[in-house]
Every structure is written in structure tokens, then in C-alpha cells.
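> Sharing a sequence plus its predicted fold:
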Protein chains: 2
Amino acid sequence: MVRNIRSFRILGIDPGSRVTGYGLIDKAGDQLHFIACGVIKASLKMSFPDRLKEIHDGISEVILKHHPDRAAIEDVFVSVNPRSALKLGHARGVLILAAMQHGLPVAEFMPRVIKQAVAGYGQASKEQVQQMVRVMLSLSANPSKDASDALAVAICHANHFKSIG
Amino acid sequence: MVRNIRSFRILGIDPGSRVTGYGLIDKAGDQLHFIACGVIKASLKMSFPDRLKEIHDGISEVILKHHPDRAAIEDVFVSVNPRSALKLGHARGVLILAAMQHGLPVAEFMPRVIKQAVAGYGQASKEQVQQMVRVMLSLSANPSKDASDALAVAICHANHFKSIG
């Protein structure tokens, strides 16, 4: 595959202990190009340790297949349910680890910063994010919400790079 | 090394995003034997992703060196500070993953269950746990508090096995 020398590939991750979304885009100059997106599902029938391994192995496979240059992951808003936040922390831990093990720098963004980047304001709904991601990447259909959120994280990271360089 | 066919080696883990304690014991019949203990420190000068990798690599090294048959890890009591619990979740996630990657079954125990197992009651102080661990494993000196807590997790797991088999 020939990639422009100034382009780079970003892996966006929307972490979850049950469903983790991922999305890959290439940024070449001011252009963003969609590469792939999907979800990693960890069956609730598995033990929690098994699910963590499933999540880790799933994202490692995505990295080995698509060779991103950097990763970006949604930060956790510590919500009303600290027990859920804690579970999410475990999933986020193994996802960040997988990126590190493949030598990818990992950026973290708060949900409102991600929404701001794709929809123009921090309180945008899931549906608005989904539609904006579809428009920005010229997709023929809406990706699933988790995959869409992951692409939004990647777009946020791409914009962040534009604004600082 | 010759090990009794009915003995097994337990790795106890006291997880932390800054300091993780570990302790290894052999259980042969009703006897517990101390093997090793120590701490894995992740420097605060590192980025959080780098610290997670340090923690994961540290415990993997311990597993490769001592070949435990099973692992046990302290569960998180979701405390007054959910942000700390979340960070701890990340560390726990990569520790559980490391055990899984080496094929170890992972048991989880709540702090009060661990204290109950070594000190006889669930509200025991850190110092009491430290002294009881020292006595139970016939150690000549107190291990550090984090290592001692990890040994307590291993002892708890050993006792749990006795009570069910």
C-alpha cells in the first residue's frame, strides 16, 4: 500500500466492558479518509477476566490488520454509577495496553471535546454524532453507534493535530 | 524443582496504579510455604499508558520467574473517590490480563474477606494483617505493607480451596 508521506492513520477507540467500538481514518493534509470501523463484543457468558482478554485480543487484531500510527481513546466521565466506571476502567486499561504494546502513542479525549470536534458543540446527541461522522467521512450509511463514536474519537484526534501543527 | 503432586503455587496480587504488591505461596496439604514477595512500582513521571505497560510487564516477569498455578487479586471497594477507583480499575485490568495470558485462573476477593481469612475479622488494620501474614508464613521480618497485602490475598485463596475441597 502506498501512503502519502505526510499522511497518518489514526485508530479511534470507544471503550466498553461489553462493546468496544473502533474506527480507523487516514489524515492526509486537510483530508480525512475512512478506512474501517467495527465493534468488539465480549460475551456476558464469559467470566470478566475472559472478557478482558477478548477485548485485548480483539483490538490487537485490528491493530495488526490496519497498522495505525497513533491511537486515541475516549476518556471516562465518572458518572453516577462508580461500579460501571470501574468496570469500564478495566476495559480501558487493556485497550490502552494493547496500543502501547504495538508502539502506538495514545491520546485521551473527554466526551464533550469529542462531540465538540465532530458536531460543533459538547452536548450533541449520539444521533447527531453519528450523522456528522457519516457526512465528514462521506459514508454511504451510518455506522453503528459504537463504531461511529470511535470514528468521532479518531476525527477529534486528527483535528487536534491540525490545530497544533 | 520437585513439587509435591498435590501442592500448588498461588500468586496473590494487591493492585495499585502506583504500587502493586505481589506475593507467592505454595500450598501443600494444610501447609503454606512462603516463596517470594515484592512490589511493582510505576513511576509517576511516566504517562499513565506507560505506567499500565510497566505494571503489566512487571507482573508478567514475576509469573515467568515463579510459575504460579493460579492467581488471586483483591477486588475493589468502590470508595468515596470514584476517580481513584477508576484508575485502580485500569491497573487491575492489565494485571488480570497478564494472569490470563499466562493461563492462570484468576480469583477475586473483597478486602473484608481477605482480612477475615488472615486476621479472623473483616475490619482488621493493615498492621494486624502484616503481623498475621508474618506469623502464618513463619517470616523473620514483616514484608512491606503492599507485599503483605498480596500475601494475604494468596493465603485467602489457599483457605478458600481448603474449605471447598
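On my side now, so go ahead.
> what number of residues lie near residue A:44?
The number of residues packed near residue A:44 is 9, by other Cβ atoms under 10 Å in any protein chain shown. Every C-beta, even on glycine, is put in place using the N, C-alpha and C of the backbone.
> And for residue A:45?
Using other Cβ under 10 Å, residue A:45 is surrounded by 7 other residues.
> likewise residue A:105?
Neighbours of residue A:105 using other Cβ under 10 Å come to 12.
> And it, what's its pLDDT?
pLDDT, residue A:105: 95.
> isn't it right next to residue A:68, touching?
No. Here residue A:105 lies out of contact with residue A:68, judged by Cβ atoms under 8 Å, at a distance of 10.3 Å.
> Residue A:133 touches residue A:148, doesn't it?
Yes. Under the criterion of Cβ under 8 Å, residue A:133 makes contact with residue A:148 at 4.9 Å.
> Does stretch A:83-90 reach chain B?
Yes. Stretch A:83-90 reaches chain B (Cβ under 8 Å from any Cβ of the partner chain) through A:83, A:85, A:86, A:87, A:88, A:89, A:90.
> Can you add distance to residue A:12 and neighbour count and give those residues back as TSV?
Below are these laid out as TSV (distance: Cβ to Cβ, whole Å; neighbours: other Cβ atoms under 10 Å in any protein chain shown):
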residue	distance to residue A:12	neighbour count
A:83	26	12
A:85	21	20
A:86	23	24
A:87	21	21
A:88	16	24
A:89	19	27
A:90	20	28
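> Of those residues, just say which sits nearest to chain B.
Checking those against chain B with Cβ to the nearest Cβ, the nearest one is residue A:89 at 2.4 Å.
> what helix or strand does that closest one sit in?
Residue A:89 is part of helix A:82-101, with elements assigned from DSSP states H and E.
> repeat for residue A:160
Counting by DSSP H and E, residue A:160 is part of helix A:145-164.
> which helices and strands does the lowest-mean-pLDDT helix or strand in chain A pack with?
Least confident helix or strand, chain A: helix A:145-164 with a mean of 87, by mean pLDDT, DSSP states H and E. Using 3 or more Cβ pairs under 8 Å, 6 or more residues apart in numbering or on different chains; DSSP states H and E, the elements in contact with helix A:145-164 are strand A:8-14, strand A:19-28, strand A:31-41, strand A:70-74, strand A:106-109, helix A:111-119, helix A:126-136.
> one more time with 6 Å, if that's ok
In terms of contacts (3 or more Cβ pairs under 6 Å, 6 or more residues apart in numbering or on different chains; DSSP states H and E), helix A:145-164 is packed against strand A:8-14, strand A:19-28, strand A:31-41, strand A:70-74, helix A:111-119, helix A:126-136.
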